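In: sequence below, structure please.
(2 chains)
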Amino acid sequence: MTSAFRNWALSETPSSRRQAAWGNRYRAWLNFKGNPLGMIGLTIIAIFVLMAILAPLLATHNPATQELGNRLAAPSAAHWLGTDELGRDVYTRILYGARVTLGMVIAVVVLVAPLGLAIGCIAGYFGGIVDTILMRITDIFLAFPRLVLALAFVAALKPGVESAVLAIALTAWPPYARMARAETLTVRGSDFIAAYRLTGASSWRIIFRHIAPLCTPSLIVRVTLDMSSIIITAASLGFLGMGAQPPSPEWGAMIATAKRFIFEQWWVPMIPAVAILLVSLAFNFLGDALRDVLDPKGN
Amino acid sequence: MTIEIDNLRISFGDKEVVKGVSFKVAQGASFGIVGESGSGKSTVLRAMAGLNNHWSGRIAFSGEDAPLKRPPAFFRKVQMVFQDPYGSLHPRQTIDRILSELPLVHGMNDIDARIARVLSAVALPQSARFRFPHQLSGGQRQRVAIARALIAEPQVLLLDEPTSALDVSVQAEILNLLADLRVEQNLTYVMVSHNLSVISHLCSHVGVMIDGHMVEQVTAEDLRLGNVQHAHTRELRTLSVELEEPA
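Out: Numbering: from 1, shown residues only, chains lettered A, B, ... in the order given. From the prediction side, this is the model:
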């Protein structure tokens, strides 16, 4: 079955659109599989995503149930990763926290990547006054330090996950727009784009069907590498009390509330910190490997 | 489809690169433009195709003046083949996808059959259809580029040095293909080249450009015999004769 797929996908003379597309994907996957760090990153992310999805099945306790008689317990058979300052099971809260943290990251990426891509491609393709206006707006957002702008934005709205996502998204898109614009500038004058103009296609069709797909590989690489900094910004907002609100188990907020015990019960803040470290590192590995596979300049 | 170009002027910024070019091409004829690099010959062609909006003068197809911004229907009648087949095909799309773009834009029916037809018209195997440009040779890519122009079922084909990026043996194949297609599909050609022998192989009339001016128009026959007036034409001719028959 797998070898049949392999032969079908790697055929030098594909006979349908689908076969050609799968052939390309399969070659990219083979390429990616050869990178051990990338595979480690992908595995860690897959495990955390599964943990987040299956949290209700994997959890041993209720993330909000307090056991005040058993505060700050060390890891044991009953509480695999110990308990926090209110006697809540840390393992369970890490599972549910993965939902909040990864959910925030995915929400930010879903908001930011298409926006940055669209703005960059439009600015790059049309040039002139459109380019100037869009890029000056981008510069304005780029000029603010990320966390400061996010903090101000959350403070102006109300602290919470949704505001944190919006705030991070608002500060995260400018680099993508700049990158998409740079990529667009390199292809907009090329003959193959001129050929598409000679089909009578509208500028929008050319931008979104022919130029944007050329900018996405480097965008995907950049987004994956930025995932870790988005996670850290999300955690920082949580740490500063501007992100997820208690009792919601967000990793950054968990560190924030447990930081008082860092010398006596060090494992309580340590465990969410390790979770953040692992996921950030995994995203960096993944991004590095994807750069090798997807970035056309590398090939 | 007859083509009339009258006093065509094209500027980039405040630098004028085409300074009042005029010529006519009869229905079904083939007109060649020769000149050195930078003489403005490709610029004339791109303006005719509608890729340049900074021109003045008159460009008319079948006696109808072409507007600055061409309507989509224009591109069903006039198509262009670019110089470099390595840069004129989208690197991440299959041949099928590249060829189907124009039919999709114009809502043409039966796209599958049309693609199969143009592939055989340019003598490409059907197995090339779902491959990517990087899996094809230079000559095959140029055939794809010609097929992409043909799928519009055009009446005019603008050729911008269609063979200069190819090996000599492949050049002949492509030139013969273009010559056959002109007869089969009743096409009118305007071809730009710096190579006189390529031009005289395909074109009945030749215009010589230097520094933005078209200094002379002669028939291919006269060019071969050396019946030329302008010093520059003579110079170009001697140069290409010398290149072909090294002393």
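In: from now on I want contacts and neighbour counts done on CA atoms only, so please keep to that.
Out: Will do.
In: low-confidence ranges in chain B?
Out: Low-confidence regions of chain B, defined by pLDDT under 70, span residues B:243-247.
In: residues contacting A:Met254?
Out: Going by Cα atoms under 8 Å, 6 or more residues apart in numbering or on different chains, A:Met254 touches A:Phe239, A:Pro269, A:Pro272.
In: would you format those as CSV with pLDDT, neighbour count and distance to chain B included?
Out: Formatted as CSV, the contacts of A:Met254 follow (pLDDT from 0 to 100; neighbours: other Cα atoms under 10 Å in any protein chain shown; distance: Cα to the nearest Cα, whole Å):
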residue, pLDDT, neighbour count, distance to chain B
A:Phe239, 82, 21, 44
A:Pro269, 89, 24, 47
A:Pro272, 90, 25, 42
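In: which residues does A:Trp80 contact?
Out: Going by Cα under 8 Å, 6+ apart, A:Trp80 touches A:Val90, A:Tyr91.
In: who's the spatially most central residue of chain B bridged to?
Out: Chain B has B:Leu159 as the residue nearest its centroid, 0.8 Å off, counting by Cα atoms, centre = their mean. Per DSSP bridges, residues listed as beta-bridge partners of B:Leu159: B:Val81, B:Met191.
In: in this structure it contacts B:Val78, no?
Out: No. B:Leu159 is not in contact with B:Val78 according to Cα atoms under 8 Å; the separation is 10.9 Å.
In: doesn't A:Trp173 make contact with A:Gly120?
Out: No. If you go by Cα under 8 Å, A:Gly120 and A:Trp173 don't touch, sitting 10.0 Å apart.
In: all strands for chain B, in order.
Out: B:3-12, B:15-25, B:30-35, B:55-61, B:64-65, B:78-81, B:156-160, B:188-193, B:205-210, B:213-219 (DSSP state E).
In: and for B:Lys24, nearest residue in space, chain neighbours not counted?
Out: What sits nearest to B:Lys24 in space, not counting adjacent residues and going by Cα to Cα, 6 or more residues apart in numbering or on different chains, is B:Glu4, at 4.5 Å.
In: tally of neighbours for the one you found?
Out: Here the number of neighbours of B:Glu4 (other Cα atoms under 10 Å in any protein chain shown) works out to 19.
In: check the one 10 residues further on too.
Out: The criterion is other Cα under 10 Å. On that basis, B:Asp14 has 7 neighbouring residues.
In: where does it fall, phi/psi-wise?
Out: phi -100, psi 10 (degrees, to the nearest 10).
In: any idea how far A:Ile129 is from it?
Out: 20 Å (Cα to Cα, to the nearest Å).
In: also A:Asn31?
Out: Relative to A:Ile129, A:Asn31 is positioned 42 Å away (Cα to Cα).
In: of the two, which one has the most company?
Out: Applying other Cα under 10 Å to A:Asn31 and A:Ile129 shows that A:Asn31 carries more neighbours, namely 15 against 10.
In: that one: what's it in contact with?
Out: A:Asn31 is in contact with A:Val293, counting by Cα under 8 Å, 6+ apart.
In: and the one helix or strand it maps to, what's buried?
Out: With secondary structure defined by DSSP states H and E, A:Asn31 is part of helix A:17-33. Counting neighbours by 16 or more other Cα atoms under 10 Å in any protein chain shown, one finds that the buried residues in helix A:17-33 are A:Arg17, A:Gln19, A:Ala20, A:Ala21, A:Trp22, A:Gly23, A:Tyr26, A:Phe32.
In: show me what stretch A:285-294 is in contact with.
Out: Counting by Cα under 8 Å, 6+ apart, A:28, A:31-32, A:35, A:37-42, A:217-218, A:221-225, A:298-299 sit against stretch A:285-294.
In: so which of the contacts of A:Met254 sit within helices?
Out: A:Phe239, A:Pro269, A:Pro272 (DSSP state H).
In: distance of the residue nearest to B:Lys24 from B:Asp160?
Out: Note on B:Glu4: its distance to B:Asp160, by Cα to Cα, is 18 Å.
In: who are the neighbours in contact with B:Asn227?
Out: So B:Asn227 contacts nothing (Cα under 8 Å, 6+ apart).
In: try 10 Å
Out: B:Val218, B:Thr219, B:Ala220, B:Glu221, B:Thr233, B:Arg234 (Cα atoms under 10 Å, 6 or more residues apart in numbering or on different chains).
In: ok, A:Thr216 next?
Out: Counted by Cα under 10 Å, 6+ apart, A:Thr216 has contacts A:Ala113, A:Pro114, A:Leu117, A:Ala180, A:Glu183, A:Arg222, A:Val223, A:Leu294, A:Asp295.
In: what's the pLDDT at the fifth one?
Out: For A:Glu183, the pLDDT comes out at 93.
In: and A:Val187, how many residues sit next to it?
Out: Using other Cα under 10 Å, A:Val187 has 20 neighbouring residues.
In: name the element A:Met242 belongs to?
Out: Using DSSP H and E, A:Met242 sits within no helix or strand.
In: and for A:Gly120?
Out: helix A:90-126.
In: residues in contact with B:His106?
Out: Counting by Cα under 10 Å, 6+ apart, B:His106 makes contact with A:Thr199, A:Gly200, A:Ala201, B:Pro72, B:Ala73, B:Phe75, B:Arg76, B:Ala152.
In: quick check: the farthest pair among the residues you listed?
Out: Pairwise distances across the contacts of B:His106 peak at 12.9 Å for A:Ala201 and B:Ala152 (criterion: Cα to Cα).
In: on that earlier part again, could you dump the helix holding A:Asn31 to CSV, C-alpha only?
Out: The C-alpha coordinates for helix A:17-33 follow below in CSV (Å, rounded to 0.1, in the frame of the first residue of the first chain):
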residue,chain,number,x,y,z
ARG,A,17,-3.2,17.3,-11.4
ARG,A,18,-3.7,15.4,-8.2
GLN,A,19,-0.8,13.0,-8.9
ALA,A,20,1.6,15.9,-9.7
ALA,A,21,0.6,17.8,-6.5
TRP,A,22,1.0,14.7,-4.3
GLY,A,23,4.3,13.9,-6.0
ASN,A,24,5.6,17.4,-4.9
ARG,A,25,4.3,17.0,-1.4
TYR,A,26,5.7,13.5,-1.0
ARG,A,27,9.2,14.7,-2.2
ALA,A,28,9.1,17.5,0.3
TRP,A,29,8.1,15.1,3.0
LEU,A,30,11.0,12.7,2.1
ASN,A,31,13.3,15.7,2.2
PHE,A,32,11.9,16.8,5.6
LYS,A,33,12.1,13.2,7.0
